[in-house]
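> can't give you the sequence, but here's the structure:
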Ligand code: ATP
């Protein structure tokens, strides 16, 4: 089941929090919804999950218009809201049973679903504890278990790893990746590494507008100015080659990184097979390359470029 957001806008009074955004998340895909604080991520997720109504635009869960049929839409959605609201005095299994009843899981299936969720979310070792007695990482697992209890096709996770320690973050990411193989997952984050590690595709939102949509590789290619290589020349010094390098076909610019080791960074025109040209140029000019590696733009830089005011 796909999630389709079409020209969605949300106003709070006179303030336009989300401004005419459109994107689609597909079955079997983990979509990262990335943006700085206040970009409009939670607002969009609340609209997808029917907790707030759009000011403009439409949101579809499969063919269901969420405004026309919110209850029907909710049956297909599991939602882990920001800050993971839980009942701390309840035992895990009691809480999951309560959530299962609220989600209309048939009575005779509830125990089976609870056991499945305990298994899928790795809650076994802690299953007899109250939620308040669990570590943050296990509380987050309970949050995921409640979101999945009615076996929804769509999972909406609002900043699911906030407040976890590095080990817990890795565990929760693995769990989400596992679950994401069979569902449509939208995961929000303001942490780029999170989205890169977990998601198949990234939508970047800033000040309520989408500023990029694609895979991490797409975004790098799209927003990088040229093809960059780091080369090391074994048989000549930088001083000896610096007047020769401007003759490399498609060269845009170059700079020395470490003159004592003859390590140079060269940049050529994008989509021009620059690497091949650079290699041939080295051969023709008898330059022995002991290193030639592509330098990828850091997604971090691209994110900052897109979201810096
Ligand atoms: P964060 O990463 O900090 O959670 P976010 O991208 O999820 O941010 P939202 O919570 O969607 O951002 O907020 C978008 C903008 O809308 C912010 O400027 C916020 O202050 C504003 N906003 C959100 N909810 C309301 C509300 N109920 N009333 C008024 N303004 C709101």
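It's in. In this text, all values refer to a predicted model and were calculated from it rather than measured experimentally.
> list the contacts for the nearest residue to residue 37 once chain neighbours are set aside?
What sits nearest to residue 37 in space, not counting adjacent residues and going by CB to CB, 6 or more residues apart in numbering, is residue 190, at 6.1 Å. For glycine as for every other residue, the C-beta is placed from the backbone atoms N, C-alpha and C. Listed by CB atoms under 8 Å, 6 or more residues apart in numbering, the contact set of residue 190 reads 34-37, 39, 41, 159.
> and what of residue 176?
Applying CB under 8 Å, 6+ apart, we find residue 176 in contact with 30, 144, 157, 160, 185, 187, 198.
> Including secondary structure and distance to the ligand, could those go into CSV?
As requested, the contacts of residue 176 are exported to CSV (DSSP: H, G, I helix; E, B strand; the rest coil; distance: CB to the nearest ligand atom, whole Å):
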residue, secondary structure, distance to the ligand
30, strand, 18
144, helix, 19
157, strand, 12
160, coil, 12
185, strand, 17
187, strand, 12
198, helix, 16
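> pLDDT added to the residues you listed, as a markdown table?
Below are these laid out as a markdown table (pLDDT from 0 to 100):
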| residue | pLDDT |
| --- | --- |
| 30 | 95 |
| 144 | 91 |
| 157 | 95 |
| 160 | 88 |
| 185 | 96 |
| 187 | 94 |
| 198 | 89 |
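> These into CSV, with extra columns for neighbour count and distance to residue 178?
Output for the contacts of residue 176, formatted as CSV (neighbours: other CB atoms under 10 Å; distance: CB to CB, whole Å):
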residue, neighbour count, distance to residue 178
30, 24, 11
144, 24, 11
157, 29, 13
160, 26, 13
185, 26, 11
187, 27, 13
198, 22, 11
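> which residue does the stretch 51-200 of the chain bring closest to the ligand?
Nearest residue of the stretch 51-200 of the chain to the ligand, counting by CB to the nearest ligand atom: residue 190, 4.9 Å away.
> wait, doesn't residue 184 sit right on residue 48?
No: between residue 184 and residue 48 there is no contact under CB atoms under 8 Å: 10.7 Å.
> joint contacts of these two?
What both residue 184 and residue 48 touch, as defined by CB under 8 Å, 6+ apart, is the set residue 3.
> Quick check: residues of the chain near the ligand?
Contact residues, the chain versus the ligand (CB under 6 Å from any ligand atom): 12, 15, 17, 35, 37-43, 82, 190.
> Which residues are in contact with residue 40?
Contacts for residue 40 (CB under 8 Å, 6+ apart) come out as 10, 17-19, 21, 205, 207-208.
> how about a cut-off of 10 Å?
In this structure, residue 40 makes contact with 8-10, 16-19, 21, 33, 47, 188, 205-210, judged by CB atoms under 10 Å, 6 or more residues apart in numbering.
> same question, residue 123
Counting by CB under 10 Å, 6+ apart, residue 123 touches 92-93, 96, 114, 117, 129, 134, 138, 141-142, 144-145.
> Drop the exposed ones from the residues you listed and show what's left.
Among the contacts of residue 123, those buried by neighbour count (16 or more other CB atoms under 10 Å) are 92-93, 96, 114, 117, 134, 138, 141-142, 144-145.
> how long is stretch 292-302 end to end?
Length of stretch 292-302, first residue to last, CA to CA, to the nearest Å: 24 Å.
> Name the surrounding residues that touch it.
The contact list for stretch 292-302 (CB under 10 Å, 6+ apart) reads 34, 192-193, 195-196, 202, 204, 212, 216-217, 219-233, 257, 265-267, 274-275, 278-279, 282, 304-305.
> which one is residue 4 nearest to, not counting chain neighbours?
Residue 4 sits nearest to residue 60 (CB to CB, 6+ apart), 4.3 Å away.
> Please name the bridge partners of that neighbour.
residue 4, residue 65 (DSSP bridges).
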